[in-house]
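> Next input, structure requested:
(2 chains)
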Amino acid sequence: MKIYNTLTNQLETFTPIHKDTVNIYVCGPTVYNYIHIGNARPVIFFDVVRRYFEHKQYTVNFVSNFTDVDDKVITKALEDQTTELEVANKFIDAFYKDAARVGSSTKYLAPRVTEYMSAIISYIERLVEQGYAYQVDGDVYFRVTKVSDYGILSGRKIDDLIEGSRIEVNNKKENPLDFTLWKKTNTGITWPSPFGEGRPGWHTECVAMIDEIFGGKIDIHGGGSEIKFPHHENEIAQHRAFHQDHIANIWMHNGQLNIDDKKMSKSEGRVILVKDLDVDYMGFRLFTLSTHYRSPINYTDEVLDAYVKDWERMRRVYKQTFYHLDLKESLDVSPVVSENLKAIELRFMDAMDHDFNTANAITELQNLVKFTNQTLRQKSSSEELKACIELFDTFFNILGLYPGVTPLNASDKAIYMAWTDARKNKDFDKADCLREKLSEKGIL
RNA sequence: GGUCCCGUAGCCAAGUGGCUAAGGCAAUGGACUGCAACUCCGUGAUCACCGGUUCGAAUCCGGUCGGGACCUCCA
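Okay, the predicted model is just below:
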């Protein structure tokens, strides 16, 4: 299995640190608002990564945090005249709903920054003790020059960053690139610490939680490409300060999602929230997986519609095949797998093995659709159709697509049979009436 | 100003040195059909442009044009 490592900028063969186990951490959302469709991309993609590893029989320890304390959460709490906790609770709840909507599992460890405050504070203390951080007036800053190859992830040099940068002047810092570990403040929620009352900076929470939860280096660290610098760069720097080693073997960054070829922007009114998306969410999921994860993806209503249609086609053939077997009481027959199906499965897995090429995997899913339709029309055996269903289940499970098709109850079966009979007897009025009924029930 | 990415048919998109450049949507011709839907079969590209390397390039190198990202909170 090959994965593109954005730390080394090359495709690497994946080798887990601990046999048969994958430890993966993905930077999660700051919970001050509903997530938009761009936020949903990593939520969907890394869910597929987890699913694929699980399909390959790995034990996957998947962790993705909630940033529930920072300026935006505090501002929101002040605006709404409520507490940071209330704001966080509200949007964490909303996040879970949205994640479930787009078909991503929410059953993973999701630590909140506020729950790890003591770990974060002691992490900062250790950085100070070892000379990697310094205190000024109750603030604590990280000393970037103390880490030898700062900029290794984003391919930048300290000098380049300073030159022509728009970094605000802060006389407290030794170096303009030094970043805040602890911020002295009296606005919003604060915590006591050896450095004084305040709250942590954004960049320490992830490393501290990774240290606390995984106890060392992880296999994969993921997130959006736009937080490569400075956030991930700073994570690497802090971890190296302690461990003289990288925090993760592999860094995976997903590309951005744009709308009409432009970055989403609140101020320009170019934002679409997941909860406001008025389409089948499985179609949206398919859309986000139709482009390789490292490439930017451009959202337009038309393109989304095309994938919603594509999803309907997939679901339709699955449903027809499933009911076909159900009506023949053949859902439990043993599958007979043809060479064609074996080839489709092989190509699907090859695509996934090659840096999670979901676009090519979806092509094989489309091939399966066509093949199943052909098999269905050829009046093939139930055993052959069962093999199609099982392969669909495998693919859907890896990609996180849910057709939501369950066995028919006795009365629905009776209606279906009556419809078939009516057509046979050329009683078309009755047939059309029954067809309408079946259609309303979503069976046709 | 600095760093980097991208430009493949009307649209989306895979392929990153080698047989006739995957696949989907749209369009269009046909088949199937009680009607409709569904479905199946067929039809489309000198890979932005110019130059170079090579026996051979969409794929590598240089340049031009166009689009975008990061350097500041941002998934």
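> Tell me where the model's unsure across chain A.
A:162-171, A:267 (pLDDT under 70).
> can you pull out the helices in it?
In chain A, the helices defined using DSSP state H lie at A:37-55, A:71-79, A:84-101, A:117-129, A:158-162, A:202-214, A:233-243, A:281-289, A:301-327, A:339-353, A:358-377, A:382-399, A:410-424, A:428-440.
> do the last one and RNA strand B meet?
Think helix A:428-440. Yes. Helix A:428-440 reaches RNA strand B (C-beta under 7 Å from any atom of the strand) through A:428, A:431-432, A:435. Where you see a C-beta, it was placed from the backbone N, CA and C, and this is true even at glycine.
> Just the closest of these to A:P407, please.
For the residues of helix A:428-440 next to RNA strand B, the minimum distance to A:P407 (C-beta to C-beta) is 20.6 Å, reached by A:R435.
> That closest one contacts A:W419, doesn't it?
Yes. Between A:R435 and A:W419 there is a contact under C-beta atoms under 8 Å: 5.9 Å.
> which one of these two has more residues nearby?
A:W419 (21 against 17; other C-beta atoms under 10 Å).
> Now for that one: which residues touch it?
Going by C-beta atoms under 8 Å, 6 or more residues apart in numbering, A:W419 touches A:431, A:434-435, A:438.
> quick one: contacts for the residue of the stretch 201-350 of chain A found nearest RNA strand B?
Going by C-beta to the nearest atom of the strand, RNA strand B is nearest to A:G224 of the stretch 201-350 of chain A, at 2.7 Å. A:G224 makes contact with A:27, A:41-42, A:253-254, A:256, according to C-beta under 8 Å, 6+ apart.
> Which parts of the stretch 101-250 of chain A are strands?
A:133-136, A:139-142, A:180-184, A:198-200, A:218-224, A:248-254 (DSSP state E, counting those that start in this stretch).
> Could you name the stretch from those strands that's closest to A:T75?
For those, distance to A:T75 was read as C-beta to C-beta. The smallest value, 13.3 Å, belongs to strand A:198-200.
> Can I get stretch A:304-312 as CSV, trimmed to CA atoms?
C-alpha atoms of stretch A:304-312 as CSV (Å, rounded to 0.1, in the frame of the first residue of the first chain):
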residue,chain,number,x,y,z
LEU,A,304,-22.9,18.1,-7.7
ASP,A,305,-26.1,17.2,-9.5
ALA,A,306,-24.2,14.9,-11.8
TYR,A,307,-22.9,12.9,-8.9
VAL,A,308,-26.2,12.9,-7.1
LYS,A,309,-27.6,11.3,-10.3
ASP,A,310,-24.7,8.9,-10.4
TRP,A,311,-25.4,7.9,-6.8
GLU,A,312,-29.1,7.3,-7.7
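> List the buried residues of that stretch.
A:304, A:307-308, A:310-311 (16 or more other C-beta atoms under 10 Å).
> Please apply the same query to stretch A:21-32.
Here stretch A:21-32 shows A:22-32 as buried, counting by 16+ other C-beta under 10 Å.
> same check, this time on stretch A:96-114
A:98-99, A:101-104, A:108, A:110-114.
> sorry, back to before: output the buried residues of stretch A:21-32 as CSV; include the columns distance to A:R347.
CSV is the format used below for the buried residues of stretch A:21-32 (distance: C-beta to C-beta, whole Å):
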residue, distance to A:R347
A:V22, 24
A:N23, 29
A:I24, 26
A:Y25, 31
A:V26, 28
A:C27, 32
A:G28, 33
A:P29, 35
A:T30, 39
A:V31, 40
A:Y32, 43
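> which of those are close to RNA strand B?
With the criterion set as C-beta under 7 Å from any atom of the strand, the members of the buried residues of stretch A:21-32 near RNA strand B are A:27, A:29-30.
> any idea which of these is the one closest to A:S122?
Nearest to A:S122 out of these is A:C27 (C-beta to C-beta; 21.4 Å).
> Check the burial of A:Q256 by counting its neighbours.
A count of nearby residues for A:Q256, using other C-beta under 10 Å, gives 16.
> now do A:K19
Using other C-beta under 10 Å, A:K19 has 8 other residues around it.
> Any figure for the gap between it and RNA strand B?
Applying C-beta to the nearest atom of the strand, to the nearest Å, the value for A:K19 to RNA strand B is 29 Å.
> quick one, what contacts that residue?
A:K19 neighbours (C-beta under 8 Å, 6+ apart): none.
> any chance you could read off phi and psi for it?
In terms of degrees, to the nearest 10, the main-chain angles of A:K19 are phi -50, psi 130.
> picking that back up, of the buried residues of stretch A:304-312, list those near RNA strand B.
A:D310.
> on that earlier part again, ok, of the ones next to RNA strand B among the buried residues of stretch A:21-32, which one's closest to A:A359?
Closest to A:A359, out of all of those and judged by C-beta to C-beta, is A:C27, at 23.9 Å.
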